[in-house]
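Trainee: Sequence first, then the predicted structure:
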Number of protein chains: 2
Amino acid sequence: MLSKAKIKHIHSLRLGKFRKLHGQFVAEGSINVLDFIGSKLEIVDVFATSEWITRHRKEIRKIGIIEVDARELAKVTALKTPSEVLAIFEIPKPSKIDFEKLGSITLMLEDIRDPGNLGTIIRTADWFGIRQIVCSEETVDCYNPKVVQASMGSLARVGVYYTKLKNLIKQKPAGIPVYGAVMNGKSIWEIEKPERLIVLVGSEAHGISDNLLTLLDERLTIPASSEGGAESLNASIATAIICYEFSK
Amino acid sequence: MLSKAKIKHIHSLRLGKFRKLHGQFVAEGSINVLDFIGSKLEIVDVFATSEWITRHRKEIRKIGIIEVDARELAKVTALKTPSEVLAIFEIPKPSKIDFEKLGSITLMLEDIRDPGNLGTIIRTADWFGIRQIVCSEETVDCYNPKVVQASMGSLARVGVYYTKLKNLIKQKPAGIPVYGAVMNGKSIWEIEKPERLIVLVGSEAHGISDNLLTLLDERLTIPASSEGGAESLNASIATAIICYEFSK
């Protein structure tokens, strides 16, 4: 059974200020919830239908699950079609970015505002084995329910950090260049591929700010077709193509 | 001024059945509206603030614009932040797919349900100069307001067709192979790149149906990192990476 207080609590976690206050976030959907259960995160509550519990008995052996019916889940879902499972997790304490642990590619995002874009970038990063994403403080919160949803469980494996990008770029080891995605840079087909690099992607509306443009080691562009008409690529698409090209 | 009847009409066009009934759709946002105005589409109505009209006097010289204020636009917008311009256009009569006009890549989409994904695919196709996208009849309507929004004007330049894909594949000229995006196919890095091809992408939830899998000439996969954890890539991301790789 879902108490009224619990329903209210789950609803409140859609808002950043309550996620901050309680230090918790909500995940929905089987893949998402199972991936978080399998991660190091602290579980607060898991609510699921009896069918889901039966189906996933193996993966959830040691975990207390509160059985609810589909009607109850419909009351708390942030999705159009409620999933059979919803869970609350503790937001992990922010750790410091570890330059030693940076893989071949580190993503850096400046002011990505669309939760679908951030979630998709986290999912894509996970596919290409990228383990750390550094975001400007104005980037959408990665525990926003729409980000969690679009990340499809990958948020359980990819570290997302929020910090002042300018300071971070200045503190990074000298051997790791910063490549920024811009409209009129060097073609990504022709660019040198260092062993380790930071890829910076700017906001959907404004691209990379002047503030950070001056700190780039290289400006790169995904060439459009001469017959192409689009003014730009979606931020998550551009990020994915760059991750793909550099992870070859 | 926006009359009550007009407000009701605009609202109704969010639903597929009314778009079909009236043969019209709504576009919002400056890029979108200007791209459609510049296309061959018939304009029904354009509503804009006086500031927008002043700013775009050049592009809209010959067009009758109905001046409205921001408060009125807020009443009819489908967006979180209303744009300064909203327009109604006639949906063009569906034309037949012209195999002669197929470019180097033709996209074929099976049951893409998410409007953001379809819109992003249209935008990406436009960037890479792809002029025709063929969709299964279960794919989301390309005149859905969220598709129009995510396409960022590219729907004005890319033809989107709805048909039975199986029949179409059987009718296509023999020299154009069909490559399908699957989970365990040949690596896209190693695959032969024909001069002209059809790229088939399946639905978000189920991938390519068995029905069409048997008709593929080649199954291709975007390799994940050995350290990657994501189960799959988002459909619009996979499509973009394939378009990128084949348009080099």
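Mentor: Good, I have the coordinates.

Trainee: Break chain A into its domains for me.
Mentor: With domains defined by automatic domain parsing, chain A comprises A:4-90, A:99-246.

Trainee: Any idea how far apart the tips of the last one sit?
Mentor: Going back to what we said before, that points to domain A:99-246. 19 Å (C-alpha to C-alpha, to the nearest Å).

Trainee: and residue A:198, what are its bridge partners?
Mentor: Beta-bridge partners for residue A:198, by DSSP bridges, are residue A:106, residue A:178.

Trainee: And the strands in chain A, which stretches?
Mentor: A:24-28, A:43-48, A:66-67, A:85-90, A:105-109, A:132-135, A:159-162, A:178-187, A:197-201, A:218-221 (DSSP state E).

Trainee: Return the most buried member of the domains of chain A.
Mentor: Mean neighbours per residue, mean count of other C-beta atoms under 10 Å in any protein chain shown, is largest over the domains of chain A for domain A:99-246, with a mean of 19. Just so you know, the C-beta spots here come from the backbone N, C-alpha and C atoms, and that holds for glycine as well.

Trainee: Report the distance from that domain to the chain centre.
Mentor: Taking C-alpha atoms, centre = their mean, to the nearest Å, one finds domain A:99-246 lying 11 Å from the centre of the chain it belongs to.

Trainee: Let me see the mean pLDDT of it.
Mentor: For domain A:99-246, mean pLDDT rounds to 94.

Trainee: Could you list the residues of chain A in contact with chain B?
Mentor: Counting by C-beta under 8 Å from any C-beta of the partner chain, chain A comes close to chain B at A:31, A:35, A:103, A:116, A:120, A:123-124, A:126-131, A:150, A:152-154, A:156-157, A:189, A:222, A:224-234, A:236-237, A:240-241, A:244-245, A:247-248.

Trainee: contacting residues around residue A:147?
Mentor: A:115, A:116, A:118, A:119, A:122, A:140, A:141, A:155 (C-beta atoms under 8 Å, 6 or more residues apart in numbering or on different chains).

Trainee: The same query, at a cut-off of 7 Å, please.
Mentor: A:115, A:118, A:119, A:140 (C-beta atoms under 7 Å, 6 or more residues apart in numbering or on different chains).

Trainee: can you tell me how far it sits from chain B?
Mentor: Taking C-beta to the nearest C-beta, to the nearest Å as the measure, residue A:147 falls 13 Å from chain B.

Trainee: My guess is residue A:110 contacts residue A:212. True?
Mentor: Yes: counting by C-beta atoms under 7 Å, residue A:110 does reach residue A:212; the two are 6.2 Å apart.

Trainee: what's the overlap in contacts for those two?
Mentor: A:165, A:200.

Trainee: all helices for chain A, in order.
Mentor: Per DSSP state H, chain A carries helices over the ranges A:4-12, A:16-22, A:30-37, A:50-55, A:70-76, A:115-127, A:145-151, A:165-171, A:210-213, A:235-246.

Trainee: Format those helices as a markdown table; extra columns: distance to residue B:39.
Mentor: As requested, the helices of chain A are exported to a markdown table (distance: least, C-beta to C-beta, whole Å):
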| stretch | distance to residue B:39 |
| --- | --- |
| helix A:4-12 | 43 |
| helix A:16-22 | 40 |
| helix A:30-37 | 40 |
| helix A:50-55 | 47 |
| helix A:70-76 | 42 |
| helix A:115-127 | 27 |
| helix A:145-151 | 31 |
| helix A:165-171 | 39 |
| helix A:210-213 | 34 |
| helix A:235-246 | 23 |
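
Trainee: Of the ones you listed, which is nearest residue B:68?
Mentor: When the helices of chain A are compared for distance to residue B:68 using C-beta to C-beta, the nearest one is helix A:115-127, at 29.4 Å.

Trainee: What helices and strands are in contact with that closest one?
Mentor: strand A:105-109, helix A:145-151, helix A:235-246 (3 or more C-beta pairs under 7 Å, 6 or more residues apart in numbering or on different chains; DSSP states H and E).

Trainee: Pull the residues that contact it.
Mentor: Residues contacting helix A:115-127 (C-beta under 7 Å, 6+ apart): A:107, A:109, A:112, A:133, A:139-140, A:142, A:144, A:146-152, A:154-155, A:157-158, A:160, A:204, A:234-236, A:239-240, A:243, B:116, B:224-225, B:228-230, B:233-234, B:237.

Trainee: For that helix, output the C-alpha coordinates as CSV.
Mentor: Extracted in CSV, the C-alpha atoms of helix A:115-127 (Å, rounded to 0.1, in the frame of the first residue of the first chain):
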residue,chain,number,x,y,z
PRO,A,115,16.5,16.7,-19.4
GLY,A,116,16.0,14.4,-22.4
ASN,A,117,19.3,15.5,-23.9
LEU,A,118,21.3,15.0,-20.6
GLY,A,119,19.7,11.6,-20.1
THR,A,120,20.5,10.5,-23.6
ILE,A,121,24.1,11.8,-23.3
ILE,A,122,24.5,9.8,-20.1
ARG,A,123,23.2,6.6,-21.9
THR,A,124,25.4,7.2,-24.9
ALA,A,125,28.5,7.9,-22.7
ASP,A,126,27.8,4.5,-20.9
TRP,A,127,27.7,2.7,-24.3
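
Trainee: Grab the nearest non-local neighbour of the residue nearest the centre of chain A.
Mentor: For chain A, the residue lying nearest the average C-alpha position, counting by C-alpha atoms, centre = their mean, turns out to be residue A:122 (3.7 Å). For residue A:122, ignoring the flanking residues on the chain, the nearest one in space by C-beta to C-beta, 6 or more residues apart in numbering or on different chains is residue A:151 at 4.2 Å.

Trainee: Likewise for residue A:50?
Mentor: Spatial nearest neighbour of residue A:50, excluding adjacent residues (C-beta to C-beta, 6+ apart): residue A:67 at 5.5 Å.
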